[in-house]
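> Need a 3D model of the sequence below.
(one chain, ligands or ions: 1)
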Amino acid sequence: MPIDAVWDRLTALHQASALNIPALFAADPDRAEGFTIRADGMVFDYSKTAIDRETRDALLALTADLNARRDAMLSGEKINETEGRAVLHAALRHPDTPLWPGGEAVRAGVAATLARMASFATHIRDGEIRGQGGAFTDVVNIGIGGSDLGPAMAARALTPYQDGPRLHFVSNVDGADLADTLRGLDPARTLVIVASKTFTTIETMTNARSAQDWLAAHVDDPAQQFAAVSSATDKTAEWSIDPDRVFGFEDWVGGRYSVWGPIGLSLMLGIGPQRFREFLRGGAAMDDHFRSAPHARNMPVMLALVGLWHHQICGYPTRAVLPYAQRLGRLPAYLQQLEMESNGKRVAMDGSDLTHGSGPVVWGEPGTNGQHAFYQLIHQGTQIVPCEFIAAACGHEPALDHHHKLLLANCLAQSEALMRGRDLDEARQLMAAQGLTGAELDRQARHRVFPGNRPSTTLLVRQVTPYTLGQIIALYEHRVFVEGVVLGLNSFDQWGVELGKELAKSVAPLLDGKTVPDQDASTLSLAEALREMRGGEG
Ligand SMILES: O=P(O)(O)OC[C@H]1O[C@](O)(CO)[C@@H](O)[C@@H]1O
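Presented below is the predicted three-dimensional model:
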């Protein structure tokens, strides 16, 4: 069936059927199992969505081109056509076997860099490589976007596995970020990693210069306290950082996909090379699943199709990622970049307008905190927010396992409540039991109605470990890829961030009282107000 006809069919299915999730369960006793995928210890349940078998078949028809695109990506073709680059971050997860039959040179390069990282990390961790004041006690990673979110998110997720120097992450050009981080650190025992794919990002370079000044004020040789991670090794050389402490990577690794390689150096310093390898192994296992599982049993494919159904067909504008794991607190922010920088596009690969929308707004917070903040809207608001619950069966605090059970019970209860809701009759009974009658009973009951039939998915792992975190991240990466292929866009460029960067440069002189041509009246007057508040300098 031509792809336009598939979209039309999906729209027709959506319009024709008022699918009700509880009714789908009633009609299909095997629904829970039939709409759950189990792979390599993970469980992905999408049965609490209004997708039935017919809709699923129609959704699967969207993936006709997927295998060809997937194979093109995983064999090094330049599928990032607007930047003329291959997309091979998955190769970083396969240091032992080439990702594709002709990929030995790529594999060898990945393995060599990984070995260099491991040797550096081992020697920092065992104190053989030292700062000027002794073994390194603290590591400050300076980077932003993909050069921050990946390692920062993973470091927090893997706190129980951290047995190296303390890790800190500075990303914002707001001096508060750097100042608050450096306060209390011993410069002579702090390693500063400047992480920037391009080594030109103004926020990172500004923070790096200020960190250099901080070091210079306290130690004789700041270079001894520095390391750099970049694909622009010509630029790192200008910083006189010892080349042994510079870890390069190829332009086929996109920033938001880069945690698996040298951008993950800070994480490796924290958890050690062996556990970092476990993290890579988890990602590699997800690659193997993505490549080999039939689409209907393929986790990234089905996660993507459920997302496309909700956003493109049902028209739900956002999606919430709700990890029931405090240490996955930065996962929503990480996924925001992964999904919104990848699929927040309005033009198809060939330059034409997209026939469908871009990807959705992604947001979220860990449960149970979110329950006491924004779940009100999720349960009773007028817009529907598909929820993606993520939970781990076991925590890392055996003495507090009763907390963990409560956490899990909340996770299960929320998806059930979203699906079941509470109708007016039930609400009326509740009010009647409290002694209310007449119009007041009706009024109070209406406030207590939950419409229900609200979709969610649930992803389970046994525990958040380096391996399972690798699985989860690779799962979402491939999901974003599948969505991008179906929408026909390039998930691997990010032109949408450029204009703001350019204008920031041209606006800056306004704050010094200089005249800038072609400035709009609002920006001029805001800049003037700021200058006045700052004491009229310039
Ligand atoms: O690693 P770099 O080159 O400093 O870039 C940081 C981030 O900036 C972006 O290019 C745009 O915000 C992201 O894609 C990237 O992760």
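> Just the endpoints, please. Distance across stretch 23-34?
Using CA to CA, to the nearest Å, the end-to-end distance of stretch 23-34 comes to 15 Å.
> Then stretch 84-98?
Chord length of stretch 84-98, first to last residue, is 22 Å (CA to CA).
> Do I have it right that Phe199 meets Lys235?
Yes - counting by CB atoms under 8 Å, Phe199 does reach Lys235; the two are 3.9 Å apart. No exception for glycine: its C-beta is placed from N, CA and C like everyone else's.
> Show the pLDDT at Leu406.
Looking at Leu406, its pLDDT reads 98.
> Next up, phi/psi of it, please.
With angles defined as degrees, to the nearest 10, Leu406 sits at phi -60, psi -40.
> and Ala223, helix, strand or coil?
Secondary structure assignment for Ala223 (DSSP: H, G, I helix; E, B strand; the rest coil): helix.
> what's the answer for Glu365, then?
coil.
> How many residues are close by Tyr375?
22 (other CB atoms under 10 Å).
> And it, how far from Gly364?
11 Å (CB to CB, to the nearest Å).
> How about Arg319?
From Arg319 across to Gly364, the span is 8 Å (CB to CB).
> shared neighbours, those two?
Shared contacts of Arg319 and Gly364, defined by CB atoms under 8 Å, 6 or more residues apart in numbering, are found at Glu388.
> Which parts of the stretch 51-200 of the chain are strands?
In the stretch 51-200 of the chain, the strands defined using DSSP state E, counting those that start in this stretch lie at 130-131, 134-135, 138-142, 166-170, 190-195.
> so where's this protein shaky on pLDDT?
Counting by pLDDT under 70, the chain shows low-confidence ranges at 537-538.
> on that earlier part again, minimum distance to Gly315: which of the strands of the stretch 51-200 of the chain has it?
Closest to Gly315 of those is strand 166-170 (CB to CB; 36.7 Å).
> quick check: angle from that closest one to strand 190-195?
Here strand 166-170 runs at 50 degrees with respect to strand 190-195, directions being taken by axes from the mean of the first three to the mean of the last three CA atoms, to 10 degrees.
> Tell me how many other residues surround the closest residue to Leu305 other than its chain neighbours.
What sits nearest to Leu305 in space, not counting adjacent residues and going by CB to CB, 6 or more residues apart in numbering, is Leu59, at 4.2 Å. By the criterion of other CB under 10 Å, Leu59 has 25 neighbours.
> which residues touch the residue nearest the centre of the chain?
Centroid-nearest residue in the chain, with CA atoms, centre = their mean: Leu335, separated by 2.1 Å. Counting by CB under 8 Å, 6+ apart, Leu335 makes contact with 321, 362, 364, 476.
> hang on, it in a strand?
No - under three-state DSSP, Leu335 sits outside any strand and is assigned helix.
> so what does the helix or strand that Phe290 is a member of touch, helix or strand wise?
Under the criterion of DSSP states H and E, Phe290 resides in helix 273-292. Where contact means 3 or more CB pairs under 8 Å, 6 or more residues apart in numbering; DSSP states H and E, helix 273-292 is packed against helix 104-125, helix 265-271, helix 299-308, helix 466-487.
> Can you tell me which helices and strands the first one packs against?
In other words, helix 104-125. Judged by 3+ CB pairs under 8 Å, 6+ apart, the packing partners of helix 104-125 are strand 246-248, helix 265-271, helix 273-292.
> for those, which one ends up most surrounded?
helix 265-271 (a mean of 28; mean count of other CB atoms under 10 Å).
> can you tell me if that helix touches the ligand.
No - Helix 265-271 lies out of reach of the ligand by CB under 6 Å from any ligand atom, never closer than 13.1 Å.
> which residues does the most far-flung residue of the chain relative to its centre contact?
Distance from the C-alpha centroid of the chain peaks at Gly438, with 50.6 Å (CA atoms, centre = their mean). Neighbour list for Gly438: empty [criterion: CB under 8 Å, 6+ apart].
> likewise Thr523?
So Thr523 contacts 507, 510 (CB under 8 Å, 6+ apart).
> Have a look at Phe199 and Lys235 and say which one is more surrounded.
Phe199 (23 against 15).
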